[in-house]
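In: Using only what follows, build the 3D model:
(chains A and B)
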Amino acid sequence: KQEVTQIPAALSVPEGENLVLNCSFTDSAIYNLQWFRQDPGKGLTSLLLIQSSQREQTSGRLNASLDKSSGRSTLYIAASQPGDSATYLCAVRGTGANNLFFGTGTRLTVIP
Amino acid sequence: ETGVTQTPRHLVMGMTNKKSLKCEQHLGHNAMYWYKQSAKKPLELMFVYSLEERVENNSVPSRFSPECPNSSHLFLHLHTLQPEDSALYLCASSQVAGLGEKLFFGSGTQLSVL
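Out: Numbers count the residues shown, from 1 in each chain, chains lettered A, B, ... in the order given. Next up, the predicted model:
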């Protein structure tokens, strides 16, 4: 069964810093990988989706990369802002499945 | 607003109660999902409906009973729950239940079982 790990579980950075969040998965036979943001007590908002044939996706200050063969993805956030404070979740979709396999997330705090 | 609305936002119930969670999507999607999010655990898929037919039941106990009367509405009926069922229950929708589709989530119902 696919297992998704996100390290660290929590991260605090001062405002303005660039940062990288990590995601690793055990089965490289994936269809795509998504990064989500979750604010406290709220649902998930999709940030970026990378298909298995792609290496990276960018949206504004966010850049997600995918190295399928090594089972890794990173989410790079440039010039972090206090509004970026949230939990970031990584999810992989296996081939032939209706399911997304989620990590437990990294809780990010950006300090003003 | 993501276009997926869940009610109620919070629910406290005893182990002998019967209650229902409601989800409505305003995105014109054809697939809807129930997920469970427990503290310090990954999200777990519970049920998937595609075109109002259940296509996945992920070994969920029978005390959870889903209902999808049309492509815009999804319910989760609860009865005789256990304290370990306390969690955030999230509804999601997508255009179709396909491999490349983005999921859009509601804000969830925070359930506490006493």
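
In: CA only for contacts and neighbour counts going forward, please
Out: Will do.

In: Spatially nearest residue to the residue nearest the centre of chain B, not counting backbone neighbours?
Out: Closest residue to the average C-alpha location of chain B: residue B:34 at 2.9 Å, with C-alpha atoms, centre = their mean. Leaving out its chain neighbours, the residue that sits closest to residue B:34 by C-alpha to C-alpha, 6 or more residues apart in numbering or on different chains is residue B:91, at 4.7 Å.

In: pretty sure the one you found is touching residue B:33, no?
Out: Yes. Using C-alpha atoms under 8 Å, residue B:91 and residue B:33 qualify as a contacting pair, with a distance of 5.5 Å.

In: Tell me which of these two has more neighbours.
Out: Relative neighbour count places residue B:91 above the other of residue B:91 and residue B:33, with 34 against 26, counting by other C-alpha atoms under 10 Å in any protein chain shown.

In: per-residue confidence averaged over the helix or strand harbouring the more buried one?
Out: Here residue B:91 sits within strand B:87-94, counting by DSSP states H and E. For strand B:87-94, mean pLDDT rounds to 94.

In: Tell me the strands beside it, with direction?
Out: strand B:31-37 (antiparallel), strand B:104-105 (antiparallel), strand B:109-113 (antiparallel) (DSSP bridges).

In: I'd like those strands as TSV, with mean pLDDT appended.
Out: Shown next, in TSV, are the strands paired with strand B:87-94 (pLDDT from 0 to 100):
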stretch	mean pLDDT
strand B:31-37	93
strand B:104-105	92
strand B:109-113	95
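
In: Same list, the ones you listed, but as CSV with distance to residue B:60 please.
Out: Listed next are the strands paired with strand B:87-94 as CSV, based on distance: least, C-alpha to C-alpha, whole Å:
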stretch, distance to residue B:60
strand B:31-37, 10
strand B:104-105, 20
strand B:109-113, 16
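
In: What's the first helix or strand after the worst-scoring helix or strand of chain A on mean pLDDT?
Out: Ranked by mean pLDDT, DSSP states H and E, the helix or strand of chain A with the weakest confidence is strand A:100-102, at a mean of 88. Counting by DSSP H and E, the next helix or strand C-terminal to strand A:100-102 is strand A:106-111.

In: how far does that next one sit from the chain's center?
Out: 13 Å (C-alpha atoms, centre = their mean, to the nearest Å).

In: how about the strands in chain A?
Out: Ranges of strands in chain A, per DSSP state E, are A:4-7, A:10-14, A:19-25, A:30-38, A:44-51, A:56-59, A:62-67, A:72-77, A:86-94, A:100-102, A:106-111.

In: What strands line up against the fifth one, and which way round?
Out: Paired strands of strand A:44-51, with direction, are strand A:30-38 (antiparallel) (DSSP bridges).

In: Contacts made by the partner strand with the rest, please.
Out: By C-alpha atoms under 8 Å, 6 or more residues apart in numbering or on different chains, the surrounding residues in contact with strand A:30-38 are A:44-52, A:64, A:66, A:68, A:75, A:86-95, B:99-100.

In: Please repeat the previous calculation with a cut-off of 6 Å.
Out: A:44-52, A:86-95 (C-alpha atoms under 6 Å, 6 or more residues apart in numbering or on different chains).
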